[in-house]
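>>> Quick one, structure for this:
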Amino acid sequence: MDKLNSQNVVDLFVIGGGINGCGIARDAAGRGLGVELAEMNDLASATSSASTKLFHGGLRYLEYFEIRLVRKALIERETLLKAMPHISWPMRFVLPYHQDMRFEGDTPTSKILNVIMPWMKGRRPAWLIRFGLFLYDNLGGREILKGTTSLNLATTPEGAPLQDRFKKAYEYSDCWIEDSRLVVLNARDAEARGAKINVGTKVISAEQVEGVWHITLEDRETSKRRLVMAKMLVNAGGPWVGDIINNTVRINATDGVRLVRGSHIVVPKLYDHDKCYFFQGEDGRIIFTIPYETDFTLIGTTDADHADASEKPVCTPEEQEYLVSFASNYLKKPITTQDIVWTYSGVRPLYNDGASSATAATRDYVLKVDTSAGAPILNVFGGKITTYRRLAETAMKEISAFFPKAGNPWTAGVALPGGNFPVTGVDDLIGQLKNTYAFLDARWATRLIKAYGMDAFEVLGDAKSPEDLGRNFGASLTAQEVSWLVQNEYARCAEDIVWRRSKLGLRLTKEEINAIDVWMAEEAQKRPD
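The predicted structure follows:
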């Protein structure tokens, strides 16, 4: 083993480069704490890039009486929209109604309804859905988002893709979010405020020595190791939070996670409008079909227990069949597994509350400080992408007990990198980019603004023509953009760029993606160590 190199003690060391880890690092750095973060793979390489990509209150959680969780998420939607209008935007959701809609059998609402209305046999009455949407509209104090309306599916474009048996629908608001870009932008902002971000860096061990954590890090590319000392640890390992407790810091803790796999499929675009469908199955579950990357439709998600965090989650053939069958029960033109162009799956590290099913397990977060080792560690269980900023603020309440000089909460409404423009200003910004760079077409300009916002001008620099941007790898991805992602957004290989910093992997061939890897390796050799 290489000789360990030591450095000065930092206040906070964060394990995990998902949304919770990067959100906490950003908040803490902005309060004046010394922060370092290590992610063993790429930022957002696990759960945080495998969500359904929505900022939403969680309409179905109302059936579990999770009123506090739903209200917290609803309030947060608009706070987040204002801070990141380039990577998040309002979306309308169409909920078709039919009389066979059913609750999942073990929800509190279904149990009550089975007692007072046994003749319904688990079906959701229309009045109950409308009441739930009334609560959804009013729990969060909407200012930007539109409220619920009713649709006649026989006369509106929203009814065209659906089977004729669906006559009525409700339309409500939630928000889209580019999940993996959200993580990267939080990491960038944390670094801009003084944090050190390490990717491809595994925490080998963490030991408490005289009230200070001694953390051994290993660069997974070079195998070089170094020692970092920190006053406090944050375990934001997501699916690996339990493994970190038991095997990395080696403390006894009774709290644990329930690993729940959520799988998604992507198919060619199913309809022309820009709204999402909220489909309810006769088994009580729900799925979304979401307009995706202009030419595709995203369908998900499933809920299945996942036994082992070390086992890479995949969308199984059974889950693929389930999702296409579920959607086809609503669509005039059925889809099959042959239509699938891409699948992805993520493991949600839910707090283990002993729920009877994966669907019923709480989506709220639980934070636990442990001082049994002598130095404090904060273990982060669960959480939703919608409430990541609130989770970070709550974490800072726990952390600030050990750092009384830490600053006050500050993140609400503060723009992430590139997001310093109005929620309604996206189209104007696209126009400005096209005016500045006359060689851009509408599609290229839109992609850049919806990835980088104001930073798109920095990405393109002083280019006067496409040739000034260097090699074009396909789908408008140029050498200049790749270099910018390496220098500013921690990208280390083609996968980081085409599947997390963007979704250009849907448009590039394997040969084109391999060419990016070759070019990046050649450029890396030119850079000084």
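
>>> When you work out contacts or count neighbours from here on, use the C-alpha atoms and nothing else.
Fine.

>>> which parts of the helix or strand harbouring R443 are buried?
Here R443 sits within helix 442-452, counting by DSSP states H and E. Taking 16 or more other Cα atoms under 10 Å as the basis for neighbour counts, the residues of helix 442-452 that come out buried are 445-452.

>>> and what of stretch 488-500?
Taking 16+ other Cα under 10 Å as the criterion, stretch 488-500 shows 489-498, 500 as buried.

>>> what distance separates the start and the end of it?
Criterion Cα to Cα, to the nearest Å; first-to-last residue distance in stretch 488-500 is 14 Å.

>>> what's the average pLDDT for that stretch?
Summarised as a single mean, pLDDT over stretch 488-500 is 98.

>>> Tell me where the model's unsure across the stretch 51-200 of the chain.
Across the stretch 51-200 of the chain, the stretches falling below the confidence threshold (pLDDT under 70) are 64, 100-106, 108-110, 113-115, 117, 119-124.

>>> What are the boundaries of the helices in it?
67-83, 108-116, 126-138, 179-192 (DSSP state H, counting those that start in this stretch).

>>> for the stretch 401-529 of the chain, same thing?
Assigned by DSSP H, counting those that start in this stretch, the helices in the stretch 401-529 of the chain fall at 426-436, 442-452, 456-460, 479-488, 494-495, 510-526.

>>> export the ones you listed to TSV and tack on distance to G300?
What follows is the helices of the stretch 401-529 of the chain, written out as TSV (distance: least, Cα to Cα, whole Å):
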stretch	distance to G300
helix 426-436	27
helix 442-452	23
helix 456-460	31
helix 479-488	29
helix 494-495	22
helix 510-526	25
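
>>> Check those for me and report the most buried one.
helix 494-495 (a mean of 21; mean count of other Cα atoms under 10 Å).

>>> what helices or strands is that one leaning on?
helix 510-526 (3 or more Cα pairs under 8 Å, 6 or more residues apart in numbering; DSSP states H and E).

>>> What's the mean pLDDT across the helix it packs on?
In this model, helix 510-526 has a mean pLDDT of 96.

>>> Contacts made by that helix with the rest, please.
When contacts are taken as Cα atoms under 8 Å, 6 or more residues apart in numbering, the neighbours of helix 510-526 outside the stretch itself are 473-474, 492-495, 498, 505.

>>> Likewise for stretch 463-480?
437-439, 444, 459-460, 481, 504, 507-508, 512-513, 515-516.

>>> circling back: same list (the helices of the stretch 51-200 of the chain) but as JSON lines, adding mean neighbour count.
Shown next, in JSON lines, are the helices of the stretch 51-200 of the chain (neighbours: other Cα atoms under 10 Å):
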{"stretch": "helix 67-83", "mean neighbour count": "21"}
{"stretch": "helix 108-116", "mean neighbour count": "15"}
{"stretch": "helix 126-138", "mean neighbour count": "15"}
{"stretch": "helix 179-192", "mean neighbour count": "24"}
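
>>> ok, back up a step: of the buried residues of helix 442-452, closest to F131?
Using Cα to Cα, K450 is the member of these that lies nearest F131, at 34.8 Å.

>>> Provide a list of residues in contact with the residue sitting nearest the centre point of the chain.
Central residue check for the chain by Cα atoms, centre = their mean: the C-alpha nearest the mean position is that of D179, 3.4 Å away. By Cα under 8 Å, 6+ apart, D179 lies in contact with 48-51, 53, 385.

>>> can you tell me the helix or strand for Y322?
Counting by DSSP H and E, Y322 is found in helix 317-328.

>>> average model confidence for that helix?
Per-region confidence: helix 317-328 scores 97 on mean pLDDT.

>>> before we move on, back to that, tell me the angle the helix holding R443 makes with helix 479-488.
0 degrees (axes from the mean of the first three to the mean of the last three Cα atoms, to 10 degrees).

>>> roughly how far is helix 442-452 from the heart of the chain?
The chain centre lies 20 Å from the centre of helix 442-452; the measure is Cα atoms, centre = their mean, to the nearest Å.

>>> helices or strands up against it?
Counting by 3+ Cα pairs under 8 Å, 6+ apart, the packing neighbours recorded for helix 442-452 are helix 426-436.

>>> re the thing from before, send me the helix holding Y322 as PDB with only the CA atoms.
Extracted C-alpha coordinates of helix 317-328, given in PDB (Å, rounded to 0.1, in the frame of the first residue of the first chain):
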ATOM      1  CA  PRO A 317     -37.800  -8.800 -18.200                       C
ATOM      2  CA  GLU A 318     -40.700  -9.200 -15.800                       C
ATOM      3  CA  GLU A 319     -40.600  -5.500 -14.900                       C
ATOM      4  CA  GLN A 320     -40.400  -4.600 -18.600                       C
ATOM      5  CA  GLU A 321     -43.400  -6.700 -19.400                       C
ATOM      6  CA  TYR A 322     -45.300  -5.300 -16.400                       C
ATOM      7  CA  LEU A 323     -44.700  -1.700 -17.500                       C
ATOM      8  CA  VAL A 324     -45.600  -2.200 -21.200                       C
ATOM      9  CA  SER A 325     -48.800  -4.100 -20.200                       C
ATOM     10  CA  PHE A 326     -49.700  -1.500 -17.600                       C
ATOM     11  CA  ALA A 327     -49.400   1.400 -20.200                       C
ATOM     12  CA  SER A 328     -51.100  -0.600 -22.900                       C
END
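
>>> Mind listing residues that contact that helix?
Contacts of helix 317-328 with the rest of the structure, by Cα under 8 Å, 6+ apart, involve 263-265, 279, 281, 287, 289, 299-302, 334-337.

>>> From these, keep the buried residues only.
Judged by neighbour count, with buriedness set by 16+ other Cα under 10 Å, the buried members of the contacts of helix 317-328 are 263-265, 279, 281, 287, 289, 299-302, 335.

>>> Which of these scores worst on pLDDT?
Within those, the minimum per-residue pLDDT falls on G281 (79).

>>> And that one, how far from Y97?
According to Cα to Cα, G281 and Y97 sit 11 Å apart.

>>> Distance across stretch 495-503, terminal residue to terminal residue?
Distance between the two ends of stretch 495-503: 10 Å, counting by Cα to Cα.

>>> actually stretch 400-407, not the one I typed
The straight-line separation of the ends of stretch 400-407 (Cα to Cα) is 9 Å.

>>> Could you pull out the buried residues of that stretch?
Taking 16+ other Cα under 10 Å as the neighbour-count basis, stretch 400-407 is seen to contain the buried residues 400, 403, 406-407.

>>> just those now: which is nearest E76?
E76 lies nearest to G407 out of the buried residues of stretch 400-407, by Cα to Cα, at 21.5 Å.

>>> I'd like the distance between that closest one and R31.
Following Cα to Cα, the distance that separates G407 from R31 is 4 Å.

>>> ditto for Y351
Summarising the geometry, the distance separating Y351 from R31, computed by Cα to Cα, is 28 Å.

>>> One more: G141?
According to Cα to Cα, G141 stands 28 Å off from R31.

>>> what does P422 give?
Between P422 and R31 the computed distance is 25 Å (Cα to Cα).

>>> neighbour-wise, which of those two wins?
Taking other Cα atoms under 10 Å, P422 and R31 do not tie; R31 has more neighbours (19 against 15).

>>> Test my guess that the more buried one contacts N408.
Yes: distance between R31 and N408: 6.5 Å, which falls inside the contact criterion (Cα atoms under 8 Å).

>>> from the contacts of helix 510-526, which single one is nearest R71?
V498 (34.9 Å).

>>> Pull the contacting residues for that closest one.
When contacts are counted by Cα under 8 Å, 6+ apart, V498 is found next to 504-505, 513.

>>> Need those in CSV (columns: distance to T156).
Output for the contacts of V498, formatted as CSV (distance: Cα to Cα, whole Å):
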residue, distance to T156
L504, 33
G505, 34
I513, 41
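
>>> Skip the chain neighbours and tell me the closest residue to R501.
Distances taken as Cα to Cα, 6 or more residues apart in numbering put R181 closest to R501, at 5.8 Å, once the chain neighbours are dropped.

>>> What spatial separation is found between the one you found and L298?
17 Å.

>>> Likewise for R92?
As for R92, its distance to L298 is 15 Å (criterion: Cα to Cα).

>>> try V414
Distance from V414 to L298, by Cα to Cα: 30 Å.
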